[in-house]
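*Asks:* No sequence on hand, only this structure:
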């Protein structure tokens, strides 16, 4: 390289190649939907394991799947759920939370599209539900405790709302009366209080539990920088388990599944996290056990909490309370729950290795949005802020580049004089650096320090739910989706649509913002003459176009950030080089051919 600006471009190129190469060479496997036979087999094989606790059967017999989710929902008596953020229903069969919609989020930008469905009933496609119960202890017969097929009765309440809890009751006919009291707040938190009343003459033993079950392999984004699977917080320590790690757990005969059990001394929670959504169990008392399990026969993924065995004396009533979070991972909401006592709840968002950077960057993005009211402009404002914060490093880097550039004529003379004598060339170069008090590596460290910040901002824009379906202006109405325009139909002027995003041709179908990104990168490159080496010149000439197409399918919010970052970097470098007395012949660098081509 002739100067450190080439190191900058190489650093960017290598970083982005590492980031993108894996996803391009090894794309996530396509998941095929289960047919009815497979689904029925899964449900039948799941059997008594559905209750989520060893030894619990509850007379559980799997039902034959209906043809649709709606038919499964209609097949059992239910209590409606209506809160500020949620709608759906509780199933009186099993007393499950198994029908839940996030009413503030839609599947697509179409106003008539369905709201996001989080939980699905057992017996239907993509079963995903929450169930609580009691497991027998001390020789208590399994049929004396409620199971997944138990038909609960409504004792109080008609509709579950933030102002009206609902209580379900079941009498086992043998002197035990079980109750479940459901409450919900205005956001995404349920509070489930279980109680058992013992009217027998004997003291009995049992323990409460909660389970979140997912039947069949869950749909995932499948991008390696994002964690999807189990997330767990135990006494202040966060752990993440991918779906493909669960089959590697040791098989337990007692559990009948591959399982990992971790004890919590005081507090914690466990659940499933998707890119934007989460369902988690949060016990309100400790100690307790958290369980991550996978049943291969039933293809069942489960997270559980099991509380210690409780003595239920004759004539006494025992209670246990567990909270259930089922909703969107909005930082403000998670922060409120954390302040209310749910430890490390904000860390359910996948902040990545550079969490000490991603957290404040995400907070800053939200702060700018609270003032500007548009996340697209907030991204640009955040980029300006970060560039201003890093300006001292950038200034040092570009000053070093400018000094190296001014020494270029003398360096060329030394190269001609040294010829093929590399030792002499190195000695002469070092003598020149020492004489002019120039450190050729001075511009590299600032660049390296900026790389973690670049990745952190990339991570934030990728995982933040605030980007989902957030409009910018004009044609960009979803910052989490690629630019919808395409040069293949002249950006909408021709009477046909852009290629399907799932097709291979879509890689070549880039929109306005990716093209702007390529142009700004190309202009930044033209601040310096092309390298004399023909191979290097060809590589650098093609880099902007390569990245333009590689990043064209990325979220529009990310591409807008790159355009803003390239533009600001260009202006900074141009101003600093001029201030150091370096002549910047931008137009000349664009129009004239390099020396190798001229020869």
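*Replies:* Okay, I see it. Owing to the predicted nature of the structure, the values given are computational and were not obtained by experimental measurement.
*Asks:* Leaving out the residues flanking it, which one is nearest to residue 240?
*Replies:* Nearest residue to residue 240, sequence neighbours excluded (Cβ to Cβ, 6 or more residues apart in numbering): residue 227, at 4.7 Å. Where C-beta positions appear, they are placed from N, C-alpha and C, glycine not excepted.
*Asks:* show me what contacts the one you found?
*Replies:* Remark: with contacts taken as Cβ atoms under 8 Å, 6 or more residues apart in numbering, residue 227 is in contact with 240, 242, 273, 350.
*Asks:* Now do the strands for the stretch 51-200 of the chain: every range, in order, please.
*Replies:* For the stretch 51-200 of the chain, applying DSSP state E, counting those that start in this stretch gives strands covering 78-82, 86-91, 96-106, 115-119, 128-137, 153-156, 159-160, 166-171, 176-184, 189-198.
*Asks:* and of those strands, who's closest to residue 466?
*Replies:* strand 96-106 (11.8 Å; Cβ to Cβ).
*Asks:* Not counting that closest one itself, show me its contacts.
*Replies:* 73, 78, 81, 85-91, 113-122, 127-131, 148, 182, 190, 276-277, 324, 326-328, 468-469.
*Asks:* any idea which residue sits dead centre in the chain?
*Replies:* residue 275 (3.5 Å; Cα atoms, centre = their mean).
*Asks:* Hmm, it is touching residue 226, no?
*Replies:* Yes - Residue 275 is within contact range of residue 226, at 5.9 Å (criterion: Cβ atoms under 8 Å).
*Asks:* where do the contact lists of the two overlap?
*Replies:* Joint contacts of residue 275 and residue 226 (Cβ under 8 Å, 6+ apart) are residue 463.
*Asks:* between the strands of the stretch 51-200 of the chain, which one is nearest to residue 365?
*Replies:* Residue 365 lies closest, by Cβ to Cβ, to one member of the strands of the stretch 51-200 of the chain: strand 96-106, at 19.0 Å.
*Asks:* What's the mean pLDDT across that closest one?
*Replies:* Model confidence over strand 96-106 averages 96 on the pLDDT scale.
*Asks:* got it, and stretch 499-517?
*Replies:* On average, stretch 499-517 scores 77.
*Asks:* again with stretch 342-350
*Replies:* 95.
*Asks:* Run through who's touching it.
*Replies:* 226-227, 231, 233, 236, 238, 240, 267-269, 271, 273, 278, 280, 282, 323, 325, 329, 331, 334-335, 337-338, 355, 359, 362, 459, 463.
*Asks:* For my notes, please list the strands of the stretch 51-200 of the chain in TSV and give mean neighbour count and distance to residue 371 for each entry.
*Replies:* Below are the strands of the stretch 51-200 of the chain laid out as TSV (neighbours: other Cβ atoms under 10 Å; distance: least, Cβ to Cβ, whole Å):
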stretch	mean neighbour count	distance to residue 371
strand 78-82	17	34
strand 86-91	23	30
strand 96-106	21	22
strand 115-119	19	28
strand 128-137	24	38
strand 153-156	13	46
strand 159-160	17	37
strand 166-171	18	41
strand 176-184	21	33
strand 189-198	20	29
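*Asks:* For residue 524, find the nearest of those.
*Replies:* Nearest of the strands of the stretch 51-200 of the chain (Cβ to Cβ): strand 96-106, 37.9 Å.
*Asks:* In strands, which of the contacts of residue 227 appear?
*Replies:* 240, 242, 273 (DSSP state E).
*Asks:* out of these, which one sits closest to residue 569?
*Replies:* residue 240 (34.2 Å).
*Asks:* would residue 398 count as being in a helix?
*Replies:* Yes - counting by DSSP: H, G, I helix; E, B strand; the rest coil, residue 398 is found in a helix.
*Asks:* mind checking how far it is from residue 577?
*Replies:* Distance of residue 398 to residue 577, computed by Cβ to Cβ, to the nearest Å: 6 Å.
*Asks:* And residue 297, by the same measure?
*Replies:* 67 Å.
*Asks:* Neighbour count for those two, which is higher?
*Replies:* residue 577 (21 against 14; other Cβ atoms under 10 Å).
*Asks:* What separation do you get for that one and residue 385?
*Replies:* Distance from residue 577 to residue 385, by Cβ to Cβ: 23 Å.
*Asks:* In contact with the nearest residue to residue 80 once chain neighbours are set aside, which residues?
*Replies:* Spatially, and ignoring its direct neighbours in sequence, residue 80 is nearest to residue 159 (4.7 Å; Cβ to Cβ, 6+ apart). Contact analysis of residue 159 by Cβ under 8 Å, 6+ apart lists 79, 80, 81, 82, 166.
*Asks:* tell me which residues in the lengthiest helix in the chain are buried?
*Replies:* With secondary structure taken from DSSP state H, the chain has its longest helix at helix 556-579. Neighbour counts over helix 556-579 (16 or more other Cβ atoms under 10 Å) mark 556-570, 572-574, 576-577 as buried.
*Asks:* Touching, residue 361 and residue 385? I think so.
*Replies:* No - using Cβ under 8 Å, residue 361 is not in contact with residue 385, being 9.7 Å away.
*Asks:* okay, those two: which has more neighbours?
*Replies:* Taking other Cβ under 10 Å, residue 361 and residue 385 do not tie; residue 361 has more neighbours (22 against 15).
*Asks:* Let's see the pLDDT reported for the residue nearest to the residue nearest to the centre of the chain when sequence neighbours are not counted.
*Replies:* Excluding the flanking residues, the one nearest residue 275 by Cβ to Cβ, 6+ apart is residue 221, at 5.2 Å. According to the prediction, residue 221 has pLDDT 83.
*Asks:* now swap in residue 527 and tell me
*Replies:* 77.
*Asks:* ok, how many other residues are close to it?
*Replies:* Neighbours of residue 527 using other Cβ under 10 Å come to 20.
*Asks:* Assign it to helix, strand or coil.
*Replies:* Reduced to three states by three-state DSSP, residue 527 is coil.
*Asks:* Wait, it touches residue 569, no?
*Replies:* No - using Cβ under 8 Å, residue 527 is not in contact with residue 569; the gap is 9.7 Å.
*Asks:* Against residue 289, how distant is residue 373?
*Replies:* 46 Å.
*Asks:* who has more neighbours, those two?
*Replies:* Between residue 373 and residue 289, counted using other Cβ under 10 Å, the more crowded position is residue 289 (18 against 9).
*Asks:* Quick check: the spatially closest residue to residue 418 that is not a sequence neighbour vs residue 413, distance?
*Replies:* Nearest residue to residue 418, sequence neighbours excluded (Cβ to Cβ, 6+ apart): residue 425, at 3.8 Å. With distances taken as Cβ to Cβ, residue 425 is found 11 Å from residue 413.
*Asks:* shared neighbours of those two, which are they?
*Replies:* What both residue 425 and residue 413 touch, as defined by Cβ under 8 Å, 6+ apart, is an empty set.
*Asks:* Between the two, which has more neighbouring residues?
*Replies:* residue 425 (16 against 12).
*Asks:* Can you name the residues that contact the more buried one?
*Replies:* Residue 425 touches 414, 415, 418, counting by Cβ under 8 Å, 6+ apart.
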